[in-house]
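Trainee: below are the sequence and a predicted model for it; my questions follow.
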Amino acid sequence: MHKNRTHHQDGFKGHVSFEPEAGLFTAVTLTCGYGADNHEATVAQELLAAEETGLTVLGDAAYGTGDLRVLLAGQGHTAVIKPAAKRQAITDGFTIDDFHIDPAAGTATCPAGHTVNLGRLQPGGVCTAQFKKGCPTCPLRERCTTSKTKRLLNIHPRYAELAAARQAATHPVWRAGYRRWRPPVERAIAWLVAHGNRRLRYRGVIKNELWLHHRAAALNLRRLIDLGLTRTANSWTINAATA
């Protein structure tokens, strides 16, 4: 599995869905650490499958795929998911958002005003815009590409959704909401792995997933007690004043 582009290690991935206002885990699962089926955004669909519509779903950049965003919107959820960092060919240079992409017209226009057609779809739905004419003599070339002949721009099949997410993440209201709820989620992860529980005790997915469910259930019980959980004749109630 990989934590980032340079950090790889053996292990498993623990995935959790957490309700930050109440401080409770709502779903957990554990998977192998590699493979497209075990990617965070893929597993998130399973964790949210039983939820009602109309939720605000928060997540970090690992969950910011275009496919998950489209799925959440189709289910009536509002995605407040951090977009992935924009890649730059040149430090402090142009990014894809400095280009005007028109998927309907099948064209892309660079910051210097040159317009080219998008290439044919490649496996995975990606298409490429190749800026050749004008690049060698373009006055903006040093901010655009290290190539002396052309700039290549790969267009993701979910470009429109990803671009909209990057734009939304610049809004003060979006940023305030993300900053408000991220600390409780990070605290929940800290609870989960505290006291050496980042290192697992068993081999294989089945036993470790069972352990993860037990630990999340125990943490939920502790949280409910902290909220003032009391037992009546046939049910459990939470002291509203305490909560």
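Mentor: Received it, and whenever you're ready, just let me know what you need. Numbers count the residues shown, from 1 in each chain.

Trainee: ranges for the strands of this protein?
Mentor: 12-19, 24-32, 56-59, 78-81, 100-102, 107-109, 115-117, 127-131, 151-155, 229-231, 236-238 (DSSP state E).

Trainee: adding mean pLDDT, mean neighbour count and distance to A165, write the ones you listed out as JSON lines.
Mentor: Using the backbone N, CA and C atoms, a C-beta is placed for each residue, glycine as well. Converted to JSON lines, the strands of the chain look like this (pLDDT from 0 to 100; neighbours: other Cβ atoms under 10 Å; distance: least, Cβ to Cβ, whole Å):
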{"stretch": "strand 12-19", "mean pLDDT": "94", "mean neighbour count": "19", "distance to A165": "20"}
{"stretch": "strand 24-32", "mean pLDDT": "95", "mean neighbour count": "18", "distance to A165": "23"}
{"stretch": "strand 56-59", "mean pLDDT": "94", "mean neighbour count": "17", "distance to A165": "11"}
{"stretch": "strand 78-81", "mean pLDDT": "95", "mean neighbour count": "19", "distance to A165": "7"}
{"stretch": "strand 100-102", "mean pLDDT": "93", "mean neighbour count": "14", "distance to A165": "15"}
{"stretch": "strand 107-109", "mean pLDDT": "94", "mean neighbour count": "18", "distance to A165": "19"}
{"stretch": "strand 115-117", "mean pLDDT": "92", "mean neighbour count": "15", "distance to A165": "25"}
{"stretch": "strand 127-131", "mean pLDDT": "91", "mean neighbour count": "19", "distance to A165": "20"}
{"stretch": "strand 151-155", "mean pLDDT": "90", "mean neighbour count": "19", "distance to A165": "15"}
{"stretch": "strand 229-231", "mean pLDDT": "72", "mean neighbour count": "12", "distance to A165": "38"}
{"stretch": "strand 236-238", "mean pLDDT": "67", "mean neighbour count": "11", "distance to A165": "36"}
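
Trainee: how near is C138 to T145?
Mentor: Distance of C138 to T145, computed by Cβ to Cβ, to the nearest Å: 9 Å.

Trainee: quick one, helices of this structure?
Mentor: 40-47, 66-74, 159-168, 172-193, 205-226 (DSSP state H).

Trainee: among these, which is nearest A105?
Mentor: Nearest of the helices of the chain to A105, taken as Cβ to Cβ: helix 159-168 at 13.0 Å.

Trainee: so which elements touch that closest one?
Mentor: helix 66-74 (3 or more Cβ pairs under 8 Å, 6 or more residues apart in numbering; DSSP states H and E).

Trainee: and the helix it packs on, what's buried?
Mentor: G66, L68, R69, L71, L72 (16 or more other Cβ atoms under 10 Å).

Trainee: tell me the one among these nearest to A44.
Mentor: L68 (6.1 Å).

Trainee: for G124, which non-adjacent residue is spatially closest?
Mentor: P157 (7.2 Å; Cβ to Cβ, 6 or more residues apart in numbering).

Trainee: before we move on, what about G177?
Mentor: Nearest to G177 is V80, by Cβ to Cβ, 6+ apart, at 5.7 Å.

Trainee: and the nearest residue to T65 once chain neighbours are set aside, what pLDDT?
Mentor: Sequence neighbours aside, A41 is the residue nearest to T65 in space, at 4.2 Å (criterion: Cβ to Cβ, 6+ apart). pLDDT for A41: 94.

Trainee: span of stretch 49-62 from start to end?
Mentor: One end of stretch 49-62 to the other measures 19 Å (Cα to Cα, to the nearest Å).
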